[in-house]
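1. okay, here's the prediction I keep looking at, along with the sequence it came from:
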Amino acid sequence: MEILLIRHGQSEADILQVHEGRADYPLTDLGRDQARRLACRLNKHCPPDIIWTSTLNRASETATILADEVGCMLMKEPNLMEFNNGVLAGLPREVAATKYPLPPGGRKPHERIQNGESEIEFRMRVEMALSKILAESSAVVRIAIVSHGGTISNLLKSILQLPVHTNAKFATGDTGMHILRITDEGLQVVSLNNTEHLYS
């Protein structure tokens with residue numbers, strides 16, 4: 001089985017310089033173009049049999065563009081949403097830094113942001129989504145999961161069996177794609193944060 005972990009295209013929040021998280025911004029025109037470029041690459045080189053997507057607009061819009069081009073089934077999964085950043089959602093970054101500064105040393109993995117979730121809760125939610133996706137897609141050859149930077153980082157940590165609290169970070173650019181292959185011999189990381197489609 002091959003798993004494609006894909007981040008959504010550029011959203012309006014990127015232009016506005018606000019915290020996104022659960023704030024539900026749509027894609028920009030550039031974000032839609034990024035998704036169309038990725039769709040062409042998928043269609044030519046690694047078309048998924050099924051696409052699972054976060055229900056937030058920026059991810060589901062990206063996933064719809066991909067599914068329409070490839071011609072595959074699209075499934076929505078709420079547990080693939082980005083980190084629930086509570087009071088920070090939609091706030092300009094400079095306002096958030098003043099109004100809700102990080103405590104010294106940062107938040108502990110079990111500590112929730114106001115009206116949000118903790119890192120442990122986020123990881124557990126993502127692990128539940130991954131378990132469901134793998135169970136319900138076991139008969140297919142290639143799965144694509146369209147989501148968000150934080151969610152993808154947690155998916156990778158889960159697949160690689162890394163702890164919740166780790167210094168390992170996995171950056172993902174707009175429509176960046178990580179490709180993993182699971183065989184009888186084990187897990188193979190094929191590529192990380194591939195954005196070649198944006199430059200061809």
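-> Received the coordinates, thanks. As the structure is a prediction and not an experimental result, all values here were calculated from the model.

2. contacts, neighbours, all on C-alpha from now
-> Noted.

3. counting contacts, what elements does the longest strand along the chain pack onto?
-> Secondary structure of the chain per DSSP state E: the longest strand is strand 186-194. Counting contacts by 3 or more CA pairs under 8 Å, 6 or more residues apart in numbering; DSSP states H and E, strand 186-194 packs against strand 177-183.

4. now the angle from the strand it packs on to strand 186-194?
-> Going by axes from the mean of the first three to the mean of the last three CA atoms, to 10 degrees, strand 177-183 is angled at 170 degrees with respect to strand 186-194.

5. what's stretch 100-120 in contact with?
-> For stretch 100-120, the external contacting residues (CA atoms under 8 Å, 6 or more residues apart in numbering) are Phe83, Asn84, Asn85, Gly86, Val87, Leu88, Glu121, Val164, His165.

6. looking at the residues you listed, which one is closest to Met128?
-> Glu121 (10.6 Å; CA to CA).

7. if we can go back for a sec, which one in the contacts of stretch 100-120 is the model shakiest on?
-> Within those, pLDDT reaches its minimum at His165, with 86.

8. contacts only, for that one.
-> Shown in contact with His165 (CA under 8 Å, 6+ apart): Pro109.

9. chain neighbours aside, what residue packs nearest to Leu156?
-> Once flanking residues are discounted, Leu156 sits nearest to Phe170: 7.7 Å by CA to CA, 6 or more residues apart in numbering.

10. can you give me the pLDDT of the one you found?
-> At Phe170, the pLDDT value in this model is 91.

11. contacts only, for it.
-> The contact partners of Phe170, by CA under 8 Å, 6+ apart, come to Ile152, Ser153, Leu156.

12. quick one, grab the pLDDT at the last one.
-> It refers to Leu156. 96.

13. which of the contacts of stretch 100-120 lies closest to Asp68?
-> Nearest to Asp68 among the contacts of stretch 100-120: Phe83, at 27.2 Å, using CA to CA.

14. touching the longest strand of the chain from outside, list them.
-> If you take CA under 8 Å, 6+ apart as the criterion, strand 186-194 is touched by Ala171, Thr172, Gly173, Gly176, Met177, His178, Ile179, Leu180, Arg181, Ile182.
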